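Peer 1: Fold the stuff below for me.
(one chain, ligands or ions: 4)
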Amino acid sequence: DIREGKPPHGEGARMREIDLHVHTTASDGTCTPAEVVALAQKIGLKAIAITDHDTESGYFEAAEAGEKLGIEVVPGIEISTKYGVAVHILGYFIDPQSPELRPVLDWVINDRNDRNRKMAELMAADGLPFDYDEMRARFGESIGRPHFARMLYELGLAESVNDAFQRYVEKGQKYYLPRTIIPIEMSVETICRSGGIAVLAHPFQYKKSDAELRELIEHCMAHGLRGMECRYSGYDAQQTAYLEGLAEEYGLLKTGGSDFHGANKPAISLGTGKGELNVPYAWLERLKAAAHK
Ligand code: AMP
Ligand code: ZN
Ligand code: FE
Ligand code: FE
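Peer 2: Ligands and ions are numbered 1, 2, ... in the order given. Okay, the predicted model is just below:
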């Protein structure tokens, strides 16, 4: 496919076609699902996938906005797992009503809430204005450390959300508490059993060697992994080519997205990432065909 081979900034390049990795206020993004879809229309995207952490609840509002604005909205999710290090698995075209998925997500959200409540109590004990029931009312279902970081930043205790995260809630810091992470096998299998396509997210985030990354891919494939995120915010042409080569070698579907979080990650723009991102619509067509959509 010649179109896919064009450099993102080359003349005639089909830029900014789709973005398959987007967070909303349903998890730790700062744009509502409807706002993200409106933004997608404004910048000329054809399609976006909503991939909130551990919840699909943002999809319905986004899909409704997509109908009105003529933007294709793909249902998705991003599940945190562990394989030595924290690994994220994306799931596309999951049936949100799936009886396989519901109990797993409910368990994850419950566990998050238990951990979060204790974190809020630690902060309140230091005299900080944290009340977990208020956080639930403000932030919704899938609350995580980024929400605490946002509030600490808003209280003037850090220079940015990222700075607040590193100062207060990163592992080893004062208010960090762990949560239970579901096994990677369960994450991939649950996505498959729910009719979804499981995709390995942002592979360079795990700081693995080529041999280690291959081992991770092969392990996940044994449990049903079907794709890999090959284009991602900040990944250069060489990194992208390496990942696309790996995907082709393993027969994995290629996906790409920005990991847009709105004001929580201000350096990342929808569709264009850090400026270099360019995900072709043809990749979504193949993903849909694989999911029988
Ligand atoms: P949690 O799942 O609540 O323990 O929070 C972990 C999530 O925080 C990860 O999935 C990341 O998306 C996010 N995260 C990790 N590091 C940072 C950071 N420095 N700033 C903002 N968000 C972060
Ligand atoms: Zn996030
Ligand atoms: Fe992620
Ligand atoms: Fe993400």
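
Peer 1: now the strands for the stretch 51-200 of the chain?
Peer 2: The residue ranges that make up the strands of the stretch 51-200 of the chain, judged by DSSP state E, counting those that start in this stretch, are 72-83, 85-92, 182-183, 197-200.

Peer 1: how about those strands, which one is nearest ligand 1?
Peer 2: Using Cβ to the nearest ligand atom as the measure, strand 72-83 is the one of the strands of the stretch 51-200 of the chain that comes nearest ligand 1, at 5.4 Å. Where C-beta positions appear, they are placed from N, C-alpha and C, glycine not excepted.

Peer 1: does any part of the closest one sit near ligand 2?
Peer 2: No. Shown here: strand 72-83 not in contact with ligand 2 (Cβ under 5 Å from the ion), separated by at least 7.2 Å.

Peer 1: Could you list every helix and strand in contact with that strand?
Peer 2: With contacts taken as 3 or more Cβ pairs under 8 Å, 6 or more residues apart in numbering; DSSP states H and E, strand 72-83 sits against strand 18-22, strand 47-50, helix 59-69, strand 85-92, strand 182-183, helix 184-193, helix 281-290.

Peer 1: switch the cut-off to 6 Å
Peer 2: The criterion is 3 or more Cβ pairs under 6 Å, 6 or more residues apart in numbering; DSSP states H and E, and the helices and strands that strand 72-83 contacts are strand 47-50, helix 59-69, strand 85-92, helix 184-193.

Peer 1: who does the first one pair up with?
Peer 2: With DSSP bridges as the criterion, the sheet partners recorded for strand 47-50 are strand 18-22 (parallel), strand 72-83 (parallel).

Peer 1: thinking again about what came up before, and the strands of the stretch 51-200 of the chain as a markdown table, adding mean neighbour count and mean pLDDT?
Peer 2: Putting those into a markdown table (neighbours: other Cβ atoms under 10 Å; pLDDT from 0 to 100) gives the following:
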| stretch | mean neighbour count | mean pLDDT |
| --- | --- | --- |
| strand 72-83 | 22 | 96 |
| strand 85-92 | 21 | 97 |
| strand 182-183 | 16 | 94 |
| strand 197-200 | 28 | 98 |
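
Peer 1: measure Ser160 to ligand 4 for me?
Peer 2: For Ser160, the distance to ligand 4 under the criterion Cβ to the ion, to the nearest Å works out to 18 Å.

Peer 1: where in the stretch 151-293 of the chain is pLDDT low?
Peer 2: Low-confidence regions of the stretch 151-293 of the chain, defined by pLDDT under 70, are absent; no residue qualifies.

Peer 1: Leu45: neighbour count?
Peer 2: The number of residues packed near Leu45 is 23, by other Cβ atoms under 10 Å.

Peer 1: got a list of what Gly91 touches?
Peer 2: By Cβ atoms under 6 Å, 6 or more residues apart in numbering, the residues touching Gly91 are Ile77, Ile191, Gly196, Ala198.

Peer 1: and which of these is nearest to ligand 2?
Peer 2: Of all those, the one sitting nearest ligand 2 is Ile77; the distance, using Cβ to the ion, is 11.8 Å.

Peer 1: still on that earlier bit, would you mind finding the most buried of the helices and strands packed on strand 72-83?
Peer 2: Most buried of the helices and strands packed on strand 72-83, by mean neighbour count (mean count of other Cβ atoms under 10 Å): strand 47-50, with a mean of 27.

Peer 1: can I assume Lys254 sits in a strand?
Peer 2: Yes. Checked against DSSP: H, G, I helix; E, B strand; the rest coil, Lys254 lies within a strand.

Peer 1: ok, it - contacts?
Peer 2: With Cβ under 6 Å, 6+ apart as the criterion, the residues that contact Lys254 are Cys230, Glu244, Ala247, Trp283.

Peer 1: Quick check: nearest residue in space to whatever residue of the stretch 1-150 of the chain ends up closest to ligand 1, chain neighbours excluded?
Peer 2: Residue nearest to ligand 1 within the stretch 1-150 of the chain (Cβ to the nearest ligand atom): Gly144, separated by 2.6 Å. With Cβ to Cβ, 6 or more residues apart in numbering as the criterion, Gly144 has its nearest non-adjacent residue at 5.6 Å, and that residue is Asp28.

Peer 1: For the one you found, grab the count of nearby residues.
Peer 2: Other residues near Asp28 come to 23 when the count uses other Cβ under 10 Å.

Peer 1: now the one 10 residues further on
Peer 2: The number of residues packed near Ala38 is 16, by other Cβ under 10 Å.
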